[in-house]
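**Student:** just to be clear, the model below is a prediction. Sequence and coordinates:
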Amino acid sequence: MYQGITTKDSILLKNRETGAELYDVTVESFEEHLQWLHDNDYFTERPKLDSSSISVKKKVTLTFDDGEMNNFTHALNVLQKFEYSAYFFIIGEKIGKPGYMGWKELGKLHEAGMTLGSHGLSHEILTNLLDTQIEEELLASKKYLERNLNITVNSLSIPHGFCNEKIIRMAYETGYSKIFVSNKPINIQSSYLERIAVKNTWDLKRFQQALEGKIPFKEKVSAMIKSPAKIILRERGYNAVRSLLIKIIN
C-alpha cells in the first residue's frame, strides 16, 4: 500500500492525517520497488504475459490511498514503464482540491487500465459514525465516482483502517466486492484483503521481506504497542497520540 509518491521538490499537503509523511515514498524508491518486482517475476492483475509463462509468475496487488495528485504525475509513468496496474482509492470530497486529482486525472487513470475505488466520502473514521452516516460514506462515495466517471466501482479501502464486522457487512451490502484494510481487524468473520503499508524508512531489503511475509522484530514490537493502544484509547484518542507513537516506534 502506497500513499504519496514524491520528489525532493514536492510540497507536502496541508491537513493530512498525522504521520502521513511516513508513507511518502520517493519516485526513485518506487521505481526501485517495481524494478525488483519485475526482476523477480511478480505480476499485477492485468499482466501482459502469454499462458506459458504465467504459471511461474507471482501475483502482487499495488494500491494507493487518498488520491493525491502525485499519484498521477509521478506514479502512473512508473507503473506504465513496467506494465503494472494498481488500485487507486479516492476520497470523494478531496477530488479536485489542491494537491489532489480531479476528474480529468482520474479519467486518465481509468483509461490507462488502473482500477478506481472508494476511500470514503470524507475520510472519516467509520467506527466513530452512526449507521446512517456509515451508509452515506460508503454509498455516496461509490455513486459519486460512478456517476462522474461512468464506471463501476466495486472496491473500497477502509479509511484509517478502523473497521468491524458491521462495517464490512454494510460495505458488501452497498455493492462492494473487494474490501481492503491497512490494519488486520480483530474478530471479523467476513472476508477482506489485508495490505502492507510501504514506508519511506524501508530499504530494498525490507521491501523484499514484506513480499516474503517477514516482519522484523522491531516492527513486531511496534504492532504489539499499537494494537492495545487502539483498543484502550479508542479511535479518537489513538489518533491524537499517533504522532508520538510513530516517533517512538518507527
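**Tutor:** Perfect, I can see it now.
**Student:** any idea how many residues pack against the closest residue to Gln3 other than its chain neighbours?
**Tutor:** Once flanking residues are discounted, Gln3 sits nearest to Tyr23: 4.1 Å by Cβ to Cβ, 6 or more residues apart in numbering. No exception for glycine: its C-beta is placed from N, CA and C like everyone else's. When counting by other Cβ atoms under 10 Å, one arrives at 20 neighbours for Tyr23.
**Student:** quick one, phi psi at Tyr23?
**Tutor:** Per-residue torsions, Tyr23: phi -100, psi 10 (degrees, to the nearest 10).
**Student:** measure it to Ile158 for me?
**Tutor:** Distance of Tyr23 to Ile158, computed by Cβ to Cβ, to the nearest Å: 16 Å.
**Student:** next: Leu34.
**Tutor:** Per Cβ to Cβ, Leu34 is found 25 Å from Ile158.
**Student:** so between those two, which is more surrounded?
**Tutor:** Ile158 (26 against 21).
**Student:** run the chain-centre distance for stretch 135-151.
**Tutor:** Centre-to-centre, stretch 135-151 and its host chain are 18 Å apart (Cα atoms, centre = their mean, to the nearest Å).
**Student:** quick one: buried residues of stretch 14-28?
**Tutor:** Using 16 or more other Cβ atoms under 10 Å as the test for burial, stretch 14-28 gives 16, 20, 22-27.
**Student:** go on, stretch 63-72?
**Tutor:** For stretch 63-72, by 16+ other Cβ under 10 Å, it's 63-72.
**Student:** the residues you listed: which two are farthest apart?
**Tutor:** Of all pairs drawn from these, the greatest distance, 17.1 Å, lies between Thr63 and Met69 (Cβ to Cβ).
**Student:** run through who's touching stretch 133-149.
**Tutor:** Stretch 133-149 is contacted from outside by 90-92, 95, 103, 106-107, 110, 116, 118-122, 124, 126, 129, 151-153, 156, 159, 167, 170-171, 174-176, using Cβ atoms under 8 Å, 6 or more residues apart in numbering.
**Student:** from these, list the buried ones, please.
**Tutor:** Buried, going by 16+ other Cβ under 10 Å: 90-92, 95, 106-107, 110, 116, 118-122, 124, 126, 153, 156, 159, 167, 170-171, 174, 176, out of the contacts of stretch 133-149.
**Student:** burial count for the closest residue to Ile188 other than its chain neighbours?
**Tutor:** Distances taken as Cβ to Cβ, 6+ apart place Glu165 nearest to Ile188, at 5.1 Å, with adjacent residues excluded. By other Cβ under 10 Å, 13 other residues sit near Glu165.
**Student:** per-residue pLDDT, the residue nearest to Gln3?
**Tutor:** For Tyr23, the pLDDT comes out at 90.
**Student:** surely it meets Ala197?
**Tutor:** Yes - shown here, Tyr23 and Ala197 form a contact pair, counting by Cβ atoms under 8 Å, at 6.0 Å.
**Student:** common neighbours of those two, please.
**Tutor:** Each of 1, 3 lies in contact with both Tyr23 and Ala197 under the rule Cβ under 8 Å, 6+ apart.
**Student:** who are the contact partners of the residue nearest to Ile188?
**Tutor:** Taking Cβ under 8 Å, 6+ apart, one finds 187-190 in contact with Glu165.
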